[in-house]
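**Student:** heads up, no residue letters with this:
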């Protein structure tokens, strides 16, 4: 990752720019600065010539004021001047050994110069580069005649120019090294300052890629990076909200799919069980009805028996259908649960009293302690139906001593109602299935008392709709069914 690091590229580019600029300046200084200085010197010589020529024409060349002006020109451009009149007398000079320079001027006029050394030429002057034979110093000199006929020579040493160029290059080299070091430090600091928030944003985006939306940008500046960071924060929040909504919708969709599959299974199971359970009573009704129609027995008692069987089987079918409708409404959540406060003791005693005739017929004894009023929360009608199913099963399956024991226990603000009957325990393999629709432990006995195998399924649906507990316990001498309600 460091190979393509923005920080690394940023540092390399800026340091390269600084170093390249300095090396370019050194190259330009080395190759062009001396020429530039010489060109400026040539122009300075010409300006000095023009000034002297003008003063000569005006007759001010010998004045004190012009002496001052000439000194300024010589000092400013580092030049030396010699003006000689027609009698070879020096009128103006800034050269200490002007006799040697005068001889050199006469040689130039009389003998002439190498034309290759001439760098500029006019009607009355020439400008050339020469080397002083005594000092071996290079000069740029301009010589010739003024408009008044005076001889003149103006010269400037090139050694100062070359030295200036060398000094300039050395100084630029030193400054360049310092500039590269300082710029490198500043660039590293600046790149850290710039790339740190970018790396932070990269880390945030990496965490967002893995659906971690806790990371947030906390920059306080107002730069474009801060704007980007704030936008990423908003994007993170929007993505988190959207993904949360999608997960919620997906969860609801999965529930709907599971519910649909459950409904389909329940529908198939319902049709299969109903068709199986109705097959026997319908066959009986059909058989006895055909017997009546064909006059199998002509006596009144036989016809009455046939009619009783048909009516009995029809009644059983009617009860089973009603129970199936009730169970269907409970399982699909269409049945309204009316939570109310009522006395569970009174409800149980009233139902036992209503079953007194049946209990006497089957010679069953009911035991129940004297409980006071115990108030609970629940649907009173459906609670009665739960107790009715438990109590009816106890009556139908009571054996041996034929005792039914009803108990109400209160513990931790919860009321537990249990119905125990003596008899044969439920087989262990059947305990887990007794709450299923149409499941029958003893089919022959269930058929005997007209059971449909739906009662305990209704108990299960009612108790779950009220968010209460229920169950069954096997004992050596019987079976206990129980359910709980919240105490009011």
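**Tutor:** Arrived safely, thanks for sending. The shown structure was predicted, so the numbers you read here are calculated from the model rather than taken from an experiment.

**Student:** all strands for the stretch 201-350 of the chain, in order.
**Tutor:** For the stretch 201-350 of the chain, the strands defined by DSSP state E, counting those that start in this stretch cover 340-343.

**Student:** mind listing the helices for it?
**Tutor:** In the stretch 201-350 of the chain, the segments counted as helices under DSSP state H, counting those that start in this stretch are 224-294, 300-331, 344-354.

**Student:** these: lowest mean pLDDT?
**Tutor:** Mean pLDDT across the helices of the stretch 201-350 of the chain is lowest at helix 300-331; the value there is a mean of 69.

**Student:** skipping adjacent residues, who's closest to the residue nearest to the spatial centre of the chain in space?
**Tutor:** The chain has residue 208 as the residue nearest its centroid, 2.7 Å off, counting by CA atoms, centre = their mean. Excluding the flanking residues, the one nearest residue 208 by CB to CB, 6 or more residues apart in numbering is residue 236, at 5.8 Å. Any C-beta I mention is one placed from the backbone N, CA and C, and that applies to glycine too.

**Student:** please report how far the one you found lies from residue 428.
**Tutor:** Per CB to CB, to the nearest Å, residue 236 is found 57 Å from residue 428.

**Student:** neighbour count winner among the two?
**Tutor:** residue 236 (20 against 8; other CB atoms under 10 Å).

**Student:** do you know how far the more buried one is from residue 193?
**Tutor:** With CB to CB as the criterion, residue 236 and residue 193 are 24 Å apart.

**Student:** ok, then the element right after the helix or strand bottoming out on mean pLDDT in the chain?
**Tutor:** Lowest on mean pLDDT, DSSP states H and E among the helices and strands of the chain sits helix 443-449, with a mean of 47. Next along the chain after helix 443-449, taking DSSP states H and E as the criterion, comes helix 455-465.

**Student:** any idea of the angle the following helix or strand past that next one forms with helix 455-465?
**Tutor:** Counting by DSSP H and E, the next helix or strand C-terminal to helix 455-465 is strand 470-475. Going by axes from the mean of the first three to the mean of the last three CA atoms, to 10 degrees, strand 470-475 is angled at 130 degrees with respect to helix 455-465.

**Student:** which other helices and strands contact strand 470-475?
**Tutor:** Judged by 3 or more CB pairs under 8 Å, 6 or more residues apart in numbering; DSSP states H and E, the packing partners of strand 470-475 are helix 428-431, helix 455-465, strand 478-487.

**Student:** what strands line up against the last one, and which way round?
**Tutor:** Using DSSP bridges, the strands paired with strand 478-487 are strand 375-378 (antiparallel), strand 414-422 (antiparallel), strand 470-475 (antiparallel).

**Student:** go ahead and name everything in contact with the last one.
**Tutor:** When you say that, I think you mean strand 470-475. 386, 420, 425-426, 428, 431, 434, 459-460, 463, 479-484 (CB atoms under 8 Å, 6 or more residues apart in numbering).

**Student:** shouldn't residue 416 be in contact with residue 481?
**Tutor:** No - taking CB atoms under 8 Å as the definition, residue 416 is not a contact partner of residue 481, at 11.4 Å.

**Student:** which one of those two has more residues nearby?
**Tutor:** Counted by other CB under 10 Å, residue 416 and residue 481 do not tie: residue 481 has more neighbours, with 24 against 14.

**Student:** who are the contact partners of the closest residue to the more buried one other than its chain neighbours?
**Tutor:** In this structure, residue 481 finds its nearest non-sequential neighbour in residue 390, 4.4 Å apart by CB to CB, 6+ apart. By CB under 8 Å, 6+ apart, residue 390 lies in contact with 419, 459, 481, 483.

**Student:** in contact with the second one, which residues are there?
**Tutor:** Think residue 459. 385, 386, 389, 390, 435, 470, 483 are the contacts of residue 459 under CB under 8 Å, 6+ apart.
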